Structure formats: C-alpha cells, structure tokens
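Participant: got a predicted model here, sequence first, then my questions.
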Amino acid sequence: MGTQAPQKRKNGWSRQFWGWLGILLLIGGGLTAIVYRDQIAPQVDAGILRTFDKPQKYQAEPKTIHQNTQKDRPGAISDHKWRQQQGAVRSISALDYLRRPKLSAHLILGSVAVPSLQMSLPILKGATSRNLQIGAGTLKQGERMGTGNYAMAAHNMDQPGYMFSNLPRIKEGAKIYLTDLDQVYVYRAQTHRDRQAPWHSYYYHRQVRPSNVQTIQDIPRTPIVTLVTCNATGSAREVVQGKYLHHYAYATASANIRRSFDVSTVTRTTIV
C-alpha cells in the first residue's frame, strides 16, 4: 500500500509536465507564426495552390466583347459607385483565389498581357469584388482601348504569377498589350510628361495613396493605359502606366503575341 501513493504522485506530475509542455509548444508556435507570418504565409499559400488550384479557361468571342463594350456607356451607374469599387483593390489569400466565381461572358471586355512579366488576365466591366477575384476590372465607365486613359485594377497576392502580383517588377520600356479580339493595342511603359498639360504627369511605375484618383484621369491628346494593384500591406497602390504606340488587327498578330494572352500555367485564367 505504501508504494502506490508515490506512484500515483509520479503519474500526476508526469501528466502535468506533458500538459504544460503542450501548452508551451502551442504558445511558442503561435508566437512564431505571428512573428514570422510574412515568411510563413507565402509558403502555406503556395502549398494550397499547388494542391487545389485548377486552370479556369473561358471562351470569348469578338461579337460578345463588342456588345459588352457598347453597353458600357457613361451614366450606366453613378460615378460614386465606381469610386467605391476602387476600395475592392487589395491583397487576397490563396483561399480567396480558389473561391473565385466562374467567369460570365457578358462581363468580358477583352484581355491584358505583359509578356515580360508572363502576366495575362481577362478585362472585366467594373472593379467589383467579384470581378477582381477573376481578373482585371475597369476603373471608369465607357473606357475605350487606344484612347484616353484605359485604367484597370487587379488583386495582388503573395504568389508570383497570379493576378497583378508581378506588376511591381515591370521594367521601363516593357510592352503592354490589350485586345478585344478584334484589334491588339500596344503600349510601352515609360516615364513621360505631357507638354500640352504639364500639370498631368505619369510614370511607368510608382506608388500612390489609395485615395489618389488622378492617375486614372484622362490626359488631353495623350492615350495611355493604367494598371493598378495594391502593395503588400494594402497601404498604397502600385501604379504602372504606359503610352499608346499603335494597334493592328488581331487576325494578323504573331503566334507569340497570341500566346501572351494565354498564360494558363501562370495566371490560371486564359483566353481561348
């Protein structure tokens, strides 16, 4: 009888030891995750995307895109609502990306590609939260490729090659291509100041405050393209702009240019 009590005490201390050790490990793991979350999150997201992501291809026809463009006239919705949509531009996680809705043909306005970044996304009507889960959303009503300031936005992610995540890596002089499957519009990312309107200036890459709307305004007699995404923390917007060079028929585009609008292994959303 005398030996049972010490044995029970020993078992009790053993359970307490392992219990406290488990709690300490959980606390330590939690603190480590907090301190190193910026390093851990991308690895977790990469594993999720490798395991569960599947390419989402869609059919787009010139006739449908033309009809969508004609319906996208100024006055369809209020300017206030369009400004509100700009608040949807943010960084998203792998889980948010995997939950993206299917693309509807009536939203497609075309496609944007930056071959040097291996970046290609569909252009959708409006920068709504839904559209930005799929591709790039236009930031103004009634935009026309090759004229004015064709402005669009897409999400940033911690994974290279998804959405507009590669955008901050662009180099001056890089070509930016837009297409409505009827024409291909070519722009060049470059620093430029418009002589006729010196209060307007644009740069091939810079950061601005989220409330800055000057970068999407038209510049008189200067057609440009503007690509917008958020920075890593969401505290600023990464803005890339390019000057319009020329356009030509999509039917005459080279095989390389056509392939630049179909980067399925990188963007997971392709035009076919």
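Facilitator: Right, received. Where do you want to start?
Participant: in the stretch 51-200 of the chain, which ranges drop under the pLDDT threshold?
Facilitator: 51-59, 73-95, 101, 192-200 (pLDDT under 70).
Participant: just want to check the distance between V239 and L121.
Facilitator: 16 Å (C-beta to C-beta, to the nearest Å). Just so you know, the C-beta spots here come from the backbone N, C-alpha and C atoms, and that holds for glycine as well.
Participant: swap in G142?
Facilitator: When G142 is compared with L121 (using C-beta to C-beta), they lie 21 Å apart.
Participant: neighbour-wise, which of the two wins?
Facilitator: L121 (27 against 13; other C-beta atoms under 10 Å).
Participant: SS state for that one?
Facilitator: Judged by DSSP: H, G, I helix; E, B strand; the rest coil, the three-state class of L121 is strand.
Participant: N68 now?
Facilitator: Strictly by three-state DSSP, N68 counts as helix.
Participant: any idea how far it lies from N166?
Facilitator: For N68 relative to N166 (C-beta to C-beta), the value is 26 Å.
Participant: likewise for L121?
Facilitator: 11 Å.
Participant: likewise N212?
Facilitator: For N212, the distance to N166 (C-beta to C-beta) stands at 22 Å.
Participant: these two: which is more packed in?
Facilitator: Each of N212 and N166 has its neighbours counted (other C-beta under 10 Å); N166 has more, 21 against 14.
Participant: find the nearest non-adjacent residue to the more buried one, please.
Facilitator: L117 (4.2 Å; C-beta to C-beta, 6 or more residues apart in numbering).
Participant: cool, Y204 as well?
Facilitator: A189 (4.0 Å).
Participant: bridged to the one you found, which residues?
Facilitator: G242 (DSSP bridges).
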